[in-house]
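Build me a model from this:
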Amino acid sequence: MDNLQKDDPTNLGKKSKKLAFHFDTLDQGTEAFMRWLGSGDKMSTSNNPIILKQFEHNRHTVLYDKTLHHDVIVESDNGIPFCKTCNADDCGHVSFTILLEQKYENDGSISD
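Numbers count the residues shown, from 1 in each chain. Next up, the predicted model:
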């Protein structure tokens, strides 16, 4: 994904950085999870920056990331999640998945 904006008239043809929000920290994923958990409509992208599409305990999770506008896959190997999209084990998608796993283990369900 290109974070550079080519058509900035104030920059006279030079490329400038365009700020883009992405869930690249564990804290951002935690915040997104708390927002999703408290949401009345957990499938609404207008209320939730990340929504859960598929969950298989200790195997894999499919999330929809509103900031990326596509699905994100987090695979779990022996209880250790790894985001295939970010190619990282410390992004927001991983923390969202960790919290889902904890909720499932504590409540026996990811539903309210």
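
The most centrally placed residue in the chain: what's it in contact with?
Centre of the chain computed as the mean C-alpha position; nearest residue by Cα atoms, centre = their mean is His93, 3.8 Å away. Residues near His93 by Cβ atoms under 8 Å, 6 or more residues apart in numbering: Phe23, Gly29, Ile50, Leu63, Asp65, Val72, Val74, Cys83, Thr85, Cys86. The C-beta positions use only the backbone N, C-alpha and C, and glycine is treated the same way.

can you rerun that using 6 Å?
Phe23, Leu63, Val72, Val74, Cys83 (Cβ atoms under 6 Å, 6 or more residues apart in numbering).

so how far is the longest helix along the chain from its chain's centroid?
Determined from DSSP state H, the single longest helix within the chain is helix 92-107. Averaging C-alpha positions (Cα atoms, centre = their mean, to the nearest Å) puts helix 92-107 12 Å from its chain's average.

hang on, Tyr104 packs against His57?
Yes. With contacts counted by Cβ atoms under 6 Å, Tyr104 reaches His57, the gap being 5.5 Å.

before we move on, the earlier item: please report the distance of the residue nearest to the centre of the chain from Gly38.
As judged by Cβ to Cβ, to the nearest Å, His93 and Gly38 stand 19 Å apart.

the helices in this structure, which residues?
26-38, 92-107.

Show me which residues of the last one are buried.
By that I understand helix 92-107. Gly92, His93, Val94, Ser95, Phe96, Thr97, Ile98, Leu99, Leu100, Glu101, Lys103 (16 or more other Cβ atoms under 10 Å).

Please apply the same query to stretch 30-44.
Going by 16+ other Cβ under 10 Å, stretch 30-44 has these buried residues: Thr30, Glu31, Ala32, Phe33, Trp36.

Done for today, thanks.
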